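Novice: coords please:
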Amino acid sequence: MEIQNSTFVSPIPPKRVGIAADHGGFELKHYLAERLRGAGHETIDFGNGRSQWDDDYPDYVVPLARAVADGDVERGVAICGSGVGVASPYCSGNSSDWRSRTRGKF
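Specialist: Numbers count the residues shown, from 1 in each chain. Reported below is the predicted structural model:
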């Protein structure tokens with residue numbers, strides 16, 4: 001994906017945003033991270049650091065979800081090829097432990 005030169009001013013104060021993707025969302029992750037930085041947000045990359053067809057989204061999304069729950073980042077962006085994987089119970093907030101503290105922050 002090529003990033004267009006455009007200026008976007010976010011109507012919200014800058015945030016610390018974690019971002020993670022498996023191979024299916026690798027290019028989109030980089031595009032979104034650049035757009036977030038351009039809007040004044042700090043991005044923290046939780047991986048994958050390279051497009052690797054046999055990676056597994058929980059390796060990247062679970063640490064991101066924990067960082068959101070623990071307050072290390074204010075928001076999280078999780079990307080996979082279909083959206084089904086990252087919408088799983090790892091991040092859905094359907095339990096009373098750390099996952100429930102991520103509700104509304106993804």
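
Novice: Would you list the phi and psi of P58?
Specialist: Backbone torsions for P58, taken as degrees, to the nearest 10, come to phi -60, psi -30.

Novice: ok, now the one 4 residues further on?
Specialist: According to degrees, to the nearest 10, the main-chain angles of V62 amount to phi -60, psi -50.

Novice: Now do it, the pLDDT please.
Specialist: V62 carries a pLDDT value of 86.

Novice: Kindly report the same for D56.
Specialist: With respect to pLDDT, D56 has a value of 78.

Novice: wait, what's in contact with it?
Specialist: Residues counted as contacts of D56 (CB atoms under 8 Å, 6 or more residues apart in numbering) are D22. C-beta here means a position set from N, CA and C on the backbone, and glycine is covered the same way.

Novice: That one belongs to a strand, doesn't it?
Specialist: No - applying DSSP: H, G, I helix; E, B strand; the rest coil, one finds D56 to be coil, outside a strand.

Novice: State the distance from it to G49.
Specialist: 14 Å (CB to CB, to the nearest Å).

Novice: looking at this structure, which helix or strand is least sure?
Specialist: helix 58-70 (a mean of 88; mean pLDDT, DSSP states H and E).

Novice: same for that one, what does it pack against?
Specialist: Contacts defined by 3 or more CB pairs under 8 Å, 6 or more residues apart in numbering; DSSP states H and E place helix 58-70 against strand 16-21, strand 75-79.
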